[in-house]
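[1] fold the following, please.
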Amino acid sequence: MMTIRLRTTAALLLGASLLAGCSDSDVKEVRQWMSKTKQDTKPNVPPLSEPKTFVPYAYTLRDEVDPYDPNKLLVELARLAAKSDNKFRPDMNRRKELLEAFPLDTMKMVGVMQKAGVTYALLQIGSAVHQVKVGQHLGQNFGLIVGLNETAINIRELVQDASGEWVERMSKLELQESKEITK
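    Next comes the predicted model:
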């Protein structure tokens, strides 16, 4: 029993000595140093300048051409293209053919036939089938059929690049295999 009391007393003395080490003797010194430093330090903040007064600008050129209007750029590009001596420039005065009203992606090559020694390709647009031969125009980009065989139609198109110059682009319509099952 005595050993239990001795152990308890030793534990209490140890705890008391640990708590004594946590006294605020050093804290007083730190607080004194901080208050002295606050008194010695004088902040130096320059005064703010007065804000400038805003004077709105009256825009009086409402009737002038807007420099950011995209139509202005299109008009200028069209004017430059008309003066250009580009060899790929299409003939704008030529009468359009029927198949030039349809985009190429709506056309399907469904067959080939020969009539009087001339080879024709059969194009399906919607439910209608049209005969075309080399030299005919089709598509909305001034397309000209430059060659055809049993499997494809080769088309030369004239398109404008980003600078407005006419360039040549080759396209191809390939024969579409029928999905119907024959009996």
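
[2] quick check: buried residues in stretch 142-153?
    142-145, 148, 153 (16 or more other C-beta atoms under 10 Å). Where you see a C-beta, it was placed from the backbone N, CA and C, and this is true even at glycine.

[3] now, those that are in strands?
    Applying DSSP state E to these, the entries found in strands are 143-145, 148, 153.

[4] could I get these as a markdown table with distance to Arg94?
    Below are these laid out as a markdown table (distance: C-beta to C-beta, whole Å):
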| residue | distance to Arg94 |
| --- | --- |
| Gly143 | 13 |
| Leu144 | 11 |
| Ile145 | 15 |
| Leu148 | 21 |
| Ile153 | 20 |
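
[5] show the pLDDT at the closest residue to Val118 other than its chain neighbours.
    Closest residue in space to Val118, ignoring its immediate chain neighbours: Lys133 at 5.8 Å, by C-beta to C-beta, 6 or more residues apart in numbering. You'll see Lys133 listed with a pLDDT of 95.

[6] cool, Thr41 as well?
    86.

[7] and if you look at Leu18?
    69.

[8] equivalent analysis for the one 4 residues further on, please.
    Reading off the confidence values, Cys22 has pLDDT 61.

[9] that older thread, now the buried residues of stretch 142-153 in TSV, with distance to Ile125 and pLDDT?
    Below are the buried residues of stretch 142-153 laid out as TSV (distance: C-beta to C-beta, whole Å; pLDDT from 0 to 100):
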residue	distance to Ile125	pLDDT
Phe142	18	92
Gly143	13	93
Leu144	18	94
Ile145	15	95
Leu148	16	93
Ile153	13	95
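
[10] Asp63: which of the residues you listed is nearest?
    Nearest to Asp63 out of the buried residues of stretch 142-153 is Phe142 (C-beta to C-beta; 38.0 Å).

[11] could you export the strand or helix carrying Asn71 as CSV, CA atoms only?
    Per DSSP states H and E: Asn71 is located in helix 70-83. Extracted C-alpha coordinates of helix 70-83, given in CSV (Å, rounded to 0.1, in the frame of the first residue of the first chain):
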residue,chain,number,x,y,z
PRO,A,70,-17.4,42.1,-91.8
ASN,A,71,-19.3,43.2,-94.8
LYS,A,72,-16.6,45.8,-95.5
LEU,A,73,-14.0,43.1,-95.7
LEU,A,74,-16.2,41.0,-98.0
VAL,A,75,-16.8,43.9,-100.3
GLU,A,76,-13.0,44.6,-100.5
LEU,A,77,-12.2,41.0,-101.1
ALA,A,78,-14.7,40.8,-103.9
ARG,A,79,-13.3,44.0,-105.5
LEU,A,80,-9.8,42.6,-105.3
ALA,A,81,-10.9,39.3,-106.7
ALA,A,82,-12.6,41.0,-109.7
LYS,A,83,-9.3,42.8,-110.6
